[in-house]
Structures are given as C-alpha cells and as structure tokens.
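Trainee: using only what follows, build the 3D model:
(2 chains)
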Amino acid sequence: MSNIKLTIDGKTLEVVKGTTILAAAQMADIKIPTLCFLKDRSAIGSCRVCVVEVEGMEYPLPACKTVARDGMVVTTSSERLTTYRRIALDLIVSNLSEEAWKVDEASSAADTNNNQLQTLCQEYGIETASFKTAAPPKPKYDSNPFLSFDPNLCIRCQRCVGACNSAARNHTLRTGKKGTRTTISAPFGKNWKSTECESCGNCAQACPTGAIKAKVKLNYQPGEVQTTRTTCPFCGVGCQIDLKTKDGKLVDVEGANGPANKGLLCVKGRYGSYNFVDSNDRIRTPLIKNKQTGEFEVASWDEALTLVTSRLSDIKKQHGGDSIAAFACSRSTNEDVYLFQKMARTVFETNNVDNCARV
Amino acid sequence: MTNSIDDVTQESDLIMLVGSNPEEAHPVIGMQIRAAVERGCKLIVVDPRDIGLTAYADIRIKLKPGTNVAYANGIMHVLIKEGLIDKDYIADRTQGIDELAKIVEDCTPARTAAICDIDERDLIAAAKLYAAAPRAAIVYCLGVTEHSTGTDGVMSLSNIAMATGNLGKRGGGVNPLRGQNNVQGACDMGAGPDDFPGYQKVANPKVLAKFEQAWGTKLSAVKGIKATECFPAMTEGKIKALFMFGEDPVRTDPDTHHVIEALKSLEFFAVVDLFMTETAKYADVILPGRSFAEKEGTFSNTERRVQRVRKAVDIEGDTLPDSEIFIEIMNRMGYKQPALTPAEVMGEIASLTPSYGGVSHARLDSEELDGRGLQWPCPDANHPGTPVLHMNGFTKGKGEFAVPVYQPSAELPDAEYPLVLSTGRVLSQYNAQAMTGRVSGLNEIEGSSFIEINSKDAANLGIEDGECVSVSSRRGSIKSVARVSEKTKPGQTWMPFHFQDGNSNWLTIAALDSIAKAPEFKVCAIKVEKLV
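Mentor: Numbering: from 1, shown residues only, chains lettered A, B, ... in the order given. Sure, this is the predicted structure:
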C-alpha cells in the first residue's frame, strides 16, 4: 500500500492512502472535535462538528468522511471553523429537550457520565438554542430492565445504530423514517422481551447524549471517578473492562478495547460484573459452624485457621494426605490457583487437587 | 484454542461450530462469529438444538445428542472416500491415517445418518464444504466434552482438522471455547491431579524432582483423583476432608443427591467463598474470599491469553486476600512459605513453567504490550507469545490420528424414562448464579427454571406452552415450566442448569468420560408429566 503526505496545522504527516483527515490527525495527536463519529462503529458525517479547512476548497469539509490526499494542507482550528461548529451545534440542540445538552446541576435526567454533546456545547459556549422549534414531547421507551431510549434527547447521530449493527451485529436497533426525518427505532419498549435484543448495552456506551441510557449505573460526573482496567469475571472470552469507582464504590463498567472484545461487552459483563461485589449478603468474616445448633457463628481468623489446620493435620496424620481433597476455583486468578495447588501438594501432601473444569 | 478469536473470526473461510452456543455462553465471540458470517465466512452448525446461529448457518446438522463421534467419523469417511484429505500434510506432519481409515471405513453416510438421525446428504455436503474452504476452523464447546465419550468427541474432531491440513494454520484449528473466565488458567496452573503448572506431569520423576527442589520439600508421587471422582470417594470414606475454594457443586455437579451425600460423609469440610452457597451450607468452616474486583493477578482466557486483573475496591469486613489465606495455612502446617505479592507469585510461576516463562506483571503492564496480554507458550521475556499453535510442527513430533469409535451414551431413553435431557446456559445467567442472580434485571430477562420440549411430545403428554410440569429421572424429580417449541427434536428436551427453583442437576447423571472424567450433562433419560 502506498503512502501519501499531507500537512495538518503546519505538521507534515505521512499516512497510508485511504486514511481520513480525522484518522491522520489522531495519529499525530491533533485534536479535532467529533460528535456523530465513533471509530469502527459509525461515520455518517452528519453533525458537521468535525469540519476542517482544506486549502483550495471553498467550504470546510468533515474530517471524518474526507479521505486525505497527497499534498493536502489542512487547518483544524480558526475563527471561521469555530463559527461553523457553533452553528452546527446550535442547529443540533434546537431540536432537543434542554436537559440533553444544558448543564444543570439539579437535573440528573440526562446522563452526565458520557455526555459529549454537553461537553461540546460548553466548549463552544452554546447557552441558548437560536432556532428553537416547538416539538411535542415524544414518549420514552423504558421497559427493558437495563436500557431506555428517550427520543427527546436523541440527535440521530446513529452511533447506536453502528454499535448494534456494525459491532455487536445484533441488528435490532435501526433507523426509521418519519416523513423526511430519520428516527431511531430502539427495541426497549413494552415488547422488549419478544425482540432479538440481547441487552448488551453497546448502544448505550456509544450514545453521546444519554438518549440511550444504561439504567442501572449510578450517576457520576466524569471527573469524580477512577478507572481500573481489568478482565471480566464471567466466561472465557476475556473481555477487557474499565471498572469505575467513586468514593471507593463501584458505580459503572465500560467495555475497553481489549484484544478479545474490541470494546464490546455482553449483558452479563456490562450489568452483572460489579453489582454483586459489595452485595449485602457477602460473607465478610470467617464463620464456624456450631455443632450443637448447626448455625454458623462469626469467628476470628485465628480461630478459623486454627480449626482448619488442626483438623486437616489430624486427618492427614490418621489417614494420610490422600484422604484430603482440594478443589480450586476456575474463577480465581492464576496466582491464587498456583498457591492453592502448591498448598495442597506441599502441606496436605496429596495430588488430589482439581478445579471445576469439568462442570 | 489452537488459534485466536481474531484469527477464527477474521481469517477463517469456514467455521464448523459443534456443540457450542456462543451467542449465549460466550456472547462477545458470538457477536464476532455473526460478523464473520456477514463478511462471507461459511458456517456449519452441528447441534441437537436450534440455537440463534442456526439461522446464520449454511448447513445445519441437528444431530441426536451423544452422537458427535459418529458424526465426526462420518465426515472423516466422506473426506477419505472423496479424496478431500491433504495428502502432503498427512505425509509430512502426521501418522496413523491408515488405522483411522480402517476405523471409519464402516462409517458410511447412510450408517452415520441413521445413528445421528440426520439426512446423509447434509453430512456429505458438510464434509465437502469444510474441505473446500482454504482455511476452516472447528469451534466447539461443552456439547462435545460433556459426554461419557467426550474425549473421543474432541479427538474425532481433531482428526478432521489434521486430515485436511487445518491444524497449525491461520484461520484453522480446533478451538474449544472455555466456559469460565480462568478455567484455562486454573488448568495451566496445575489445579489438576496429574499436572504441575504448565502440564508438567506428576508421574514423571524428573518433573517431581524439579518441583521438590524448587519448593524445598518432599512431594507425593501418588496419583491423585479428579474432582468428579472425589464425590464417590467421599461417600466410600476414602476422602475424609475437603478444602474447597469457590465452587458450588451442590448446584453445578450432576446428580445432586450423590453430591450432598458425599459432602455429608466428610469428617471435615472447609470452604472459601464470597457467598453462603448451597454447598457452603454443608461446611464446618467458611473463610470469606475476595472477588476479582478486590485483587491483583491474571486470568488466562480461552485463546491462552494471559491478561491482568487489577484491584478496584476494598469492601468492608474482616477479609483477607485469598493468596494470604493459602500462605498462612502453608506456614501453620509447617511449610515455610514467604509472603509474596501477586507479581512475585507470577515470577515463581514463570521460573517453573516453561510456557509462562516470559510472563510477568511488569511486562503485561508495559506500554509495549499496550494491554494485549501474552498468549502462551511464551517461553522467555523477549518472546511475543503464540497466537496460533503448531505452526511449525507439533510438540510431540508427528501428529497422531486417534481412532475413536462411536459408543452410545451411558443412559438411553426407555419406556419408563422416554425423553433425553441435555442441559446448558442462557445468555443472561452464569453457572450457579452466585454473581448474576444478585442482579434483578438479569433475573427479569431469565430468572427461573424451564424445560424446552418438542411440540409433538408436548401434545402427546397434553402439555401446553407455559404449563407447570414435573420432570423426573432415576435420580430425582423437580418442578419446572414447559416451553413448547421445535427447538429440540421429538424425544429430546433441554434445560438451563442455573435455576435453583428447579435445578436440572437433581436429574443429571454422574456418568464420567473415561479419560477427562467430565460428566455426561448432555444426555440422561427423563420423563415429563403435567402437574395438575
């Protein structure tokens, strides 16, 4: 494949032929604002927020859809571009309920976690909608236990459509038409159970306004959370996830771009991987069964470990190590399992060690 | 997996999916298989039950449960007879094709079709489609292994891949989808009676000596027994104590009565777990464990990729890291085990396990790897890992064809128990629900026991969709709800094993594969009756 050269903001870059201006800029760490674009999911070029100036062209062009050409000279920020972007955003928000884009500390209706529209409006100083149209409020689709869709917050950028069709390939979230207007048809209404929707929530992760919202996560502002990259605890796919914690509590999970999952998650990984961690019924102390009552009673670690080691030592002494069996956990880490089998072989003195690989 | 998820879903020209429902059990692989089909990859679905991907399949083989070996041998017969095998590859890299050819000579399409209850034209078409693909991957799951002939099932599939030169090739391979986040790692780490870490055999005196020297203690050379064999040994009094780390066999193992009887006969039973599971209730001592979000370490996924697990939170309570519990027990029982961080434990693993020799937390966290993990074998710190196994030959020299012969399942339907039951997973739940059962939305999607039954059987029994039924086998009886459809064939039923309000494992049989000792979850005989 041949390479081409272009200049962005005075920086000369060499990229593979076919690369878009946006992709070229990102490789060089040059930031171009985007809204409807989502890598590997959607690039419909409708929002006009990513416009850039190209020498020799009369009007700005969308960076996400324009393929770089040899010798191109691109400018990504100028007064003219700011005006273009402001008008583009102003037109987008004019069709929307204010909660979709206005920063309002009191309102938590719009999901502020990942609201890129809100961030852009703040950045470009959009405070009022200049072209306000009076549209009657549309009903929400809110029956799926994990996902809801509020058309009043939707900018029809189709990132969700890309997530469902180009990435998760579930093909249940689609565009529709109402007259000449594009609408989003999300399967979260009353008949959600009879649809093919897998409730994977990849659409919600893609949504830049909170129109499609994951219902179970707790509200937080982006600055208040810490992110920990880890591996999902369910099946053997090994999806990479970002656990979000606020004040030491888990509040959310996002699919990370891991080699096995490429940003995707399933319904279990997204909604079942963190809620159980601090569940009220977690066992939080050692417990010893009272032989008389049959009930478990709280014990200290020393009492519990003394009981374990003395009973196992007695049984080993009387009947030999092979009267003991040790089952490891295929849910636990390699490091834990390694130490577990080492414990079984060195101090229980048996090779009766296994894990639940067979069941 | 011999190959990688990317490799199978992006490079293969054909995927033969056998006894695997990835859209529900491995959903993110399911998504990528759908993408593969949409880019033009052919798909053969071999499953007794209609799964979501059946609708995507070029060829559907809805075979009788328990007949995988017959099916694979039938495919092999067609490949040989039609001259579709890769003679150069077989000559260069394998041995034993003549013995295999003799075994499968009788496995004609007509005989195979009769055993598997399929159309012989589908069998021939599947063999030809598989052989015609430049890169053909076999993907399988517990529908192959959870049989009393599971090992033969795996070997008979491997024969197909090897005879067509699809082993040691990008986009090919024989690819089991592992069910649990770290079941690959648990096996890699030596949590099996026959193997030290890295599948180094306990029975090999040199290996034993190596670990005795490394650990500085005498080790037992006595052959251990597998978990599924331990339950009868407990009942017989041979196993008197059990130390269990995070499993729930009362819910997940076959024939619940025999599991409970075994646990009750123990003299001492200690459990490490997060929750008061059905199994933990039988314990003498319960030690609180820590979840994945509370610890550092690594998991190894189904494609042998070692990836980091990182601590995000602490929870309130008097808990200890699991590794510290084991270290403390070792010291109290007289073995001087120094305290080690998880990163240091990985250092010890790497020093003793050739396939993990180049794995370290520092490397996994490095910018160079950029979160991509390392696929073993990764023998040294400069090795990039191995996305596809057997690329430059087999570890043992020449690849040996196995000679599996079809054997019927251990328990077949009869007049008293006329239906066959297979068990499996649904999308929104995971195993014994220890994690997913605590999320109300997941239970709202699918939260209680049901049994899928064919509409003809249902009509004969006077059962309508959604009605309560009693389901019984020789081992037990439960209540469930009938789902009447054509998903299973007449005579066959299917149940998820997640739900305690009607757990299928009261019914399943503890018949074990002779080698792997996996139970036959996919075939037992039952009867279904309408509850009045």
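Trainee: can you give me the strands in the stretch 201-350 of chain B?
Mentor: B:241-245, B:268-273, B:285-288, B:297-300, B:305-309 (DSSP state E, counting those that start in this stretch).
Trainee: could you say what helices and strands the third one packs with?
Mentor: Put plainly, it is strand B:285-288. If you count contacts as 3 or more C-beta pairs under 8 Å, 6 or more residues apart in numbering or on different chains; DSSP states H and E, strand B:285-288 packs onto strand A:287-289, helix A:301-319, strand B:268-273. All C-beta atoms are positioned from the backbone trio N, CA, C, and that covers glycine.
Trainee: now with 7 Å?
Mentor: helix A:301-319, strand B:268-273 (3 or more C-beta pairs under 7 Å, 6 or more residues apart in numbering or on different chains; DSSP states H and E).
Trainee: what's the most buried one of the ones you listed?
Mentor: strand B:268-273 (a mean of 24; mean count of other C-beta atoms under 10 Å in any protein chain shown).
Trainee: could you identify which of the strands of the stretch 201-350 of chain B is most buried?
Mentor: strand B:297-300 comes out most buried of the strands of the stretch 201-350 of chain B by mean count of other C-beta under 10 Å, with a mean of 29.
Trainee: note down every partner strand of that strand and its orientation.
Mentor: strand B:305-309 (antiparallel) (DSSP bridges).
Trainee: report the separation between A:Val347 and A:Trp101.
Mentor: 63 Å (C-beta to C-beta, to the nearest Å).
Trainee: next secondary structure after the longest strand along chain B?
Mentor: Taking DSSP state E as the criterion, chain B has its longest strand at strand B:477-485. Using DSSP states H and E, the next helix or strand after strand B:477-485 towards the C-terminus is strand B:492-496.
Trainee: can you give me the buried ones in the helix or strand just after that next one?
Mentor: Next in sequence after strand B:492-496, counting helices and strands by DSSP H and E, comes strand B:524-530. Under the neighbour-count criterion of 16 or more other C-beta atoms under 10 Å in any protein chain shown, strand B:524-530 has B:524-528 buried.
Trainee: nearest to B:Met495, of those residues?
Mentor: B:Ile526 (9.2 Å; C-beta to C-beta).
Trainee: contact partners for that closest one?
Mentor: Residues near B:Ile526 by C-beta atoms under 7 Å, 6 or more residues apart in numbering or on different chains: B:417, B:419, B:421, B:471-473, B:493, B:507.
Trainee: around chain B, which positions in the stretch 1-150 of chain A sit nearby?
Mentor: A:145-146 (C-beta under 7 Å from any C-beta of the partner chain).
Trainee: which residues touch the residue of the stretch 1-150 of chain A at minimum distance from chain B?
Mentor: Residue nearest to chain B within the stretch 1-150 of chain A: A:Pro145 (3.2 Å; C-beta to the nearest C-beta). Counting by C-beta under 7 Å, 6+ apart, A:Pro145 touches B:441, B:444-445.
Trainee: and of these, the nearest to chain A?
Mentor: When the contacts of A:Pro145 are compared against chain A (criterion: C-beta to the nearest C-beta), the nearest one is B:Gly441, at 3.2 Å.
Trainee: looking at that closest one now. What's its pLDDT?
Mentor: Listed pLDDT for B:Gly441 reads 91.
Trainee: and B:Lys281, how far from chain A?
Mentor: Applying C-beta to the nearest C-beta, to the nearest Å, the value for B:Lys281 to chain A is 9 Å.
Trainee: stretch B:196-210 near chain A anywhere?
Mentor: Yes - shown here: stretch B:196-210 in contact with chain A (C-beta under 7 Å from any C-beta) through B:197, B:202.
Trainee: find the nearest non-adjacent residue to A:Ser323, please.
Mentor: B:Lys240 (4.4 Å; C-beta to C-beta, 6 or more residues apart in numbering or on different chains).
Trainee: quick check, that neighbour in contact with A:Ile315.
Mentor: Yes - shown here, B:Lys240 and A:Ile315 form a contact pair, counting by C-beta atoms under 7 Å, at 5.2 Å.
Trainee: shared neighbours, those two?
Mentor: Contacts common to B:Lys240 and A:Ile315, judged by C-beta under 7 Å, 6+ apart, are A:323, B:267.
Trainee: write out the residues of the stretch 351-500 of chain B neighbouring chain A.
Mentor: B:371-373, B:427-428, B:430, B:435-436, B:438-439, B:441-442, B:444-445.
Trainee: are any of the residues you listed buried, and if so which?
Mentor: B:371-373, B:427-428, B:430, B:435-436, B:438-439, B:441-442, B:445.
Trainee: which among those residues gets closest to A:Lys140?
Mentor: Nearest member of these to A:Lys140, counting by C-beta to C-beta, is B:Gly441, at 17.1 Å.
Trainee: host element of the closest one?
Mentor: helix B:440-445.
Trainee: tabulate the CA atom coordinates of that helix in CSV.
Mentor: Provided in CSV are the C-alpha atoms of helix B:440-445 (Å, rounded to 0.1, in the frame of the first residue of the first chain):
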residue,chain,number,x,y,z
SER,B,440,-32.6,-8.1,39.4
GLY,B,441,-32.5,-7.1,35.7
LEU,B,442,-30.8,-10.3,34.7
ASN,B,443,-33.4,-12.3,36.6
GLU,B,444,-36.1,-10.3,34.8
ILE,B,445,-34.7,-11.4,31.5
